[in-house]
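>>> Just need the structure, nothing else, for what follows:
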Amino acid sequence: QVQLVESGGGLVQPGGSLRLSCIASGGTFVSYAMGWFRQAPGKEREFVTTINWTGGSTDYAASVKGRFTISRVNAKNTVYLQMNSLKPEDTAVYYCAARRGYASGSSYSAEYDYWGQGTQVTVSS
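Purely as a prediction, here's the structure:
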């Protein structure tokens, strides 16, 4: 049973930074493409960023490009999301997801096999 556990969320002022972590257990992390998605109140879940299994290819939503960075450390079964220059519109529950099979990253939530429980990020003064 694969488990993904996110951490690092919290309350931050506009312009601030946070780093989210997602630790995987129970599977073969090195073979997973990973993604981050978010869901704000009253809105549908949306794609944020993704990284392929090697870490050599990434993709970002236009709304976060240049502010957010995804990375992974396979030896630690961990994927990170560094979020800088945060805006109030970044407020959401952030979820990490894993896609099996040495796959490329994807912006489509339906292509992911495992999901974490989410961590709340609130950007407010």
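
>>> CA atoms for contacts and neighbours, from now on please.
OK.

>>> so is residue 11 in a helix, a strand, or just coil?
At residue 11, secondary structure determined by DSSP: H, G, I helix; E, B strand; the rest coil is strand.

>>> I am assuming it contacts residue 124, so please confirm or correct that.
Yes - when contacts are counted by CA atoms under 8 Å, residue 11 is listed as touching residue 124 (7.1 Å).

>>> ok, residue 123 touching residue 85?
No - in this structure, residue 123 is not within contact of residue 85 by CA under 8 Å, at 10.2 Å.

>>> which of those two has more neighbours?
For the pair residue 123 and residue 85, the greater number of neighbours falls to residue 123 (20 against 15), based on other CA atoms under 10 Å.

>>> Now do the contacts for the spatially most central residue of the chain.
When CA atoms, centre = their mean is applied to the chain, the residue found nearest the centroid is residue 36 (2.4 Å). Counting by CA atoms under 8 Å, 6 or more residues apart in numbering, residue 36 touches 47, 48, 49, 50, 81, 94, 95, 96, 97.

>>> which one among those residues gets closest to residue 23?
The shortest gap between residue 23 and any of the contacts of residue 36 belongs to residue 96, at 9.2 Å (CA to CA).
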